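Peer 1: Sequence and predicted structure are below.
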Amino acid sequence: MVKEKPNSTRIYDKDGFRRRAACICVKSENEAEVLLVTSSRRPELWIVPGGGVEPEEESAVTAVREVLEEAGVVGDLGRCLGVFENNDHMHRTEVFVMNVTQELDEWEDSRSIGRKRQWFTIDDALSQLALHKPTQQHYLMQLQHSKTLDNTNRVVNATHPPKLNNAATPAASPTTA
């Protein structure tokens, strides 16, 4: 069953891309497991929960709302992994990390369309996303690259961490796909 949103207004950026937000939901701070949900169009396949930004809504608010609607979880919103562009579908998705603190027994999409959720290791999630949403694999790759934090808790690129010395070193910004 496809999810219908009757009074939904799509928001576009200045370049004509639809604005979206999503969350990589993690089970713990070690970020070894992520939560995926079944697709509303193809329920045998798994996706990252997310959706369109509503008018006058910040991306972080969208991400939290969509995770509650689609996955039935709440938690602590963490760092932003970046904005990921999908040229095929003309949308840009701002992706956040959420440390899940509660899983609801029932939630909006479980009741209305029978959506399911499941925890996956990063490798298993990458394999699942390859089947239906290969663009979303980039979210998980960025999650892995951004896990290293410097001593001021700024996100740094894990492949090129800054050199630590007495002088303040600006953090390298994570790359996005």
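Peer 2: That came through fine.

Peer 1: which residue ranges form the helices in the chain?
Peer 2: Secondary structure of the chain (DSSP state H): helices at 59-71, 108-112, 122-132, 134-145.

Peer 1: Who are the packing partners of the first one?
Peer 2: Going back to what we said before, that points to helix 59-71. Secondary structure elements in contact with helix 59-71, counted by 3 or more C-beta pairs under 8 Å, 6 or more residues apart in numbering; DSSP states H and E, are strand 18-26, strand 33-38, strand 50-52, strand 73-86, strand 91-103, helix 108-112. In this view, the C-beta of every residue, glycine as well, is placed from N, C-alpha and C.

Peer 1: Mean pLDDT, mean neighbour count and distance to Ala63 for the ones you listed - can I get that in CSV?
Peer 2: Compiled in CSV, the helices and strands packed on helix 59-71 are given as follows (pLDDT from 0 to 100; neighbours: other C-beta atoms under 10 Å; distance: least, C-beta to C-beta, whole Å):
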stretch, mean pLDDT, mean neighbour count, distance to Ala63
strand 18-26, 98, 24, 4
strand 33-38, 98, 24, 13
strand 50-52, 96, 21, 7
strand 73-86, 96, 18, 7
strand 91-103, 97, 20, 5
helix 108-112, 93, 15, 15
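
Peer 1: Tabulate these (TSV), appending distance to Ala60.
Peer 2: Written out in TSV, the entries for the helices and strands packed on helix 59-71 read as follows (distance: least, C-beta to C-beta, whole Å):
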stretch	distance to Ala60
strand 18-26	7
strand 33-38	18
strand 50-52	12
strand 73-86	6
strand 91-103	6
helix 108-112	19
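
Peer 1: got the contact list for the residue positioned nearest the centre of the chain?
Peer 2: Closest residue to the average C-alpha location of the chain: Cys23 at 2.7 Å, with C-alpha atoms, centre = their mean. Residues touching Cys23, when contacts are defined by C-beta atoms under 8 Å, 6 or more residues apart in numbering, comprise 48-50, 63-64, 66-67, 77, 95-98.

Peer 1: State the distance from it to Leu36.
Peer 2: When distances are taken as C-beta to C-beta, to the nearest Å, Cys23 and Leu36 turn out to be 11 Å apart.

Peer 1: just to revisit the earlier point, can you redo the contacts of Cys23 as CSV with distance to Glu106?
Peer 2: What follows is the contacts of Cys23, written out as CSV (distance: C-beta to C-beta, whole Å):
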residue, distance to Glu106
Val48, 21
Pro49, 16
Gly50, 21
Ala63, 21
Val64, 18
Glu66, 17
Val67, 15
Leu77, 22
Val95, 26
Phe96, 24
Val97, 25
Met98, 19
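
Peer 1: Could you list the low-pLDDT ranges of this structure?
Peer 2: Judged by pLDDT under 70, the chain has its weakly predicted residues at 1-7, 148-177.
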